[in-house]
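A.B. asks: Build me a structure from this.
(chains A and B)
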Amino acid sequence: MHISEGVLSAPVLISGALIAAGGVTIGLKKTANEKIPEVGVMSAAFFVASLIHVPLGPTSVHLILNGLVGLLLGWAAFPAILVGLVFQAILFQFGGLTTLGVNTVTMALPAVTVYYLFGPLARGKNYKWALAGAFFCGVFGVFGAAILVALALFWTGQSFLEVGKMVVYAHIPVMMIEGILALFCVAFLRKVKPEILEVKK
Amino acid sequence: MKARSLILFFISFFIFPALTYAHRVSVFAYQEGGKIFVEGFFSDGTPTKHANVEVFDKGGKKLFSGRTDEKGTLSFKTPSVDTLKIVLNASMGHRAETLFHLTSMKGKKAPSISPSPVAPVKDQPSSPVTRITESQLKTIVHQEVARAIQPLMRAIAKQEAKRISFSDIIGGIGWIIGLMGIWMILKTRGKR
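C.D. replies: Sure thing, here's the model as predicted:
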């Protein structure tokens, strides 16, 4: 999902950076002090998740974990993902420093979206629906990121439908894995530490 | 007990990726028999099939463009420039580029270095051994060495691409924890 350096045009890069800056600001402001360690842990998890390569599908893909990050952190997903991306770019040469903004948006915006769309479900009283909500968080986090990547590439002159289809298809295995992963996380957290999820009683 | 299993749960995030490779596109090139071979692969070793490859000279003029085959490779005739910039565009915004310096085998260098050093040997009785001028010899050695080290070059290029080390991963996590700590200090300072 990381767009490399030198692919996108300047306007796309700049607008990506601006949106990312806005998201990070909101994320930093909205985060309560007690939540900060959680943001750190999720950022670290996001950072290493990209090393988990999924050997299915037509191209080389890896876990993203943005859905789970979004579900647990809400707007704080923006700073968490940005920090993870910075170190992925520096240490692993994933993406690049100039594309940081765009990459942050493509992964963090769906994260925040699933937080609002499926978060209430995953936090709700009904256990089964909560698991379904978690699964959707995982799936649509990746799906949203795929759509946004296609959109970013589209503004650089590539066919949206073609690229979009390809990115989505390539990530179907990842979507499934992340959905199941998020499901297990929520099941686990509800049992062990429901405070993290802020489960309604 | 609860706390411990929670910690274990998060640690499990960090342990199993140590066994896997990651995701980045690399491209490298080598020269053989009047042709340049370009090869691209994701850093887990999968070749970049059907990726777009563009080749530029130093000034940015496009010399060649094409697509890689099923094995992620592509070849074209060696152009007469010193340095090539090879850009590979795999799908989904993955891009890699490399600079390739051509070893000039026949061209400019060889004749200028050898201003007929073989000349004084003329009056010797001509032997049945075929004579090779120094520049020819150089060319042959050059080609043979290039061929011999080619698998090495490939191996090195692939190695470089898989360079993500355990210490990088641990280092990154350490950085993130450190930043989190700074953030907490900044946020909680003065509120006590």
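A.B. asks: What residues does B:Asp69 make contact with?
C.D. replies: Counting by Cβ atoms under 8 Å, 6 or more residues apart in numbering or on different chains, B:Asp69 touches B:Lys49, B:His50. C-beta coordinates here come from the backbone N, C-alpha and C atoms, glycine included.
A.B. asks: And the contacts of stretch A:113-125?
C.D. replies: Stretch A:113-125 is contacted from outside by A:67, A:70-71, A:73-75, A:77, A:129-134, A:136-137, A:140-141, A:144, A:186, A:197-201, using Cβ under 8 Å, 6+ apart.
A.B. asks: next structured bit after the helix or strand harbouring A:Val163?
C.D. replies: Counting by DSSP states H and E, the element that carries A:Val163 is helix A:160-170. Counting by DSSP H and E, the next helix or strand C-terminal to helix A:160-170 is helix A:172-192.
A.B. asks: quick one: average pLDDT of that next one?
C.D. replies: The average pLDDT for helix A:172-192 rounds to 91.
A.B. asks: tell me the angle it makes with helix A:160-170.
C.D. replies: Relative orientation of helix A:172-192 versus helix A:160-170 (axes from the mean of the first three to the mean of the last three Cα atoms, to 10 degrees): 50 degrees.
A.B. asks: same for helix A:172-192, what does it pack against?
C.D. replies: Using 3 or more Cβ pairs under 8 Å, 6 or more residues apart in numbering or on different chains; DSSP states H and E, the elements in contact with helix A:172-192 are strand A:53-54, strand A:61-62, helix A:66-73, helix A:127-154, helix A:194-197, helix B:2-15.
A.B. asks: please redo it, this time with the cut-off set to 6 Å
C.D. replies: In terms of contacts (3 or more Cβ pairs under 6 Å, 6 or more residues apart in numbering or on different chains; DSSP states H and E), helix A:172-192 is packed against helix A:66-73, helix A:127-154.
A.B. asks: Buried ones in the helix holding A:Val163, by neighbour count?
C.D. replies: Buried residues in helix A:160-170, counting neighbours by 16 or more other Cβ atoms under 10 Å in any protein chain shown, are found at A:Val163, A:Gly164, A:Met166, A:Val167, A:Val168, A:Ala170.
A.B. asks: Out of the helices and strands packed on helix A:172-192, which one sits most buried?
C.D. replies: Scoring the helices and strands packed on helix A:172-192 by mean neighbour count under mean count of other Cβ atoms under 10 Å in any protein chain shown gives helix A:66-73 as the most buried, with a mean of 30.
A.B. asks: any idea of the mean pLDDT in that one?
C.D. replies: Mean pLDDT, computed over helix A:66-73, is 94.
A.B. asks: packing partners for it?
C.D. replies: With contacts taken as 3+ Cβ pairs under 6 Å, 6+ apart, helix A:66-73 sits against helix A:36-49, helix A:77-87, helix A:100-123, helix A:127-154, helix A:172-192.
A.B. asks: Let's see that with 10 Å instead.
C.D. replies: When contacts are defined as 3 or more Cβ pairs under 10 Å, 6 or more residues apart in numbering or on different chains; DSSP states H and E, helix A:66-73 packs onto helix A:36-49, helix A:77-87, helix A:100-123, helix A:127-154, helix A:172-192, helix A:194-197.
A.B. asks: wait, which of those is closest to B:Val27?
C.D. replies: If you check each of those against B:Val27 by Cβ to Cβ, helix A:127-154 wins as the nearest, at 19.2 Å.
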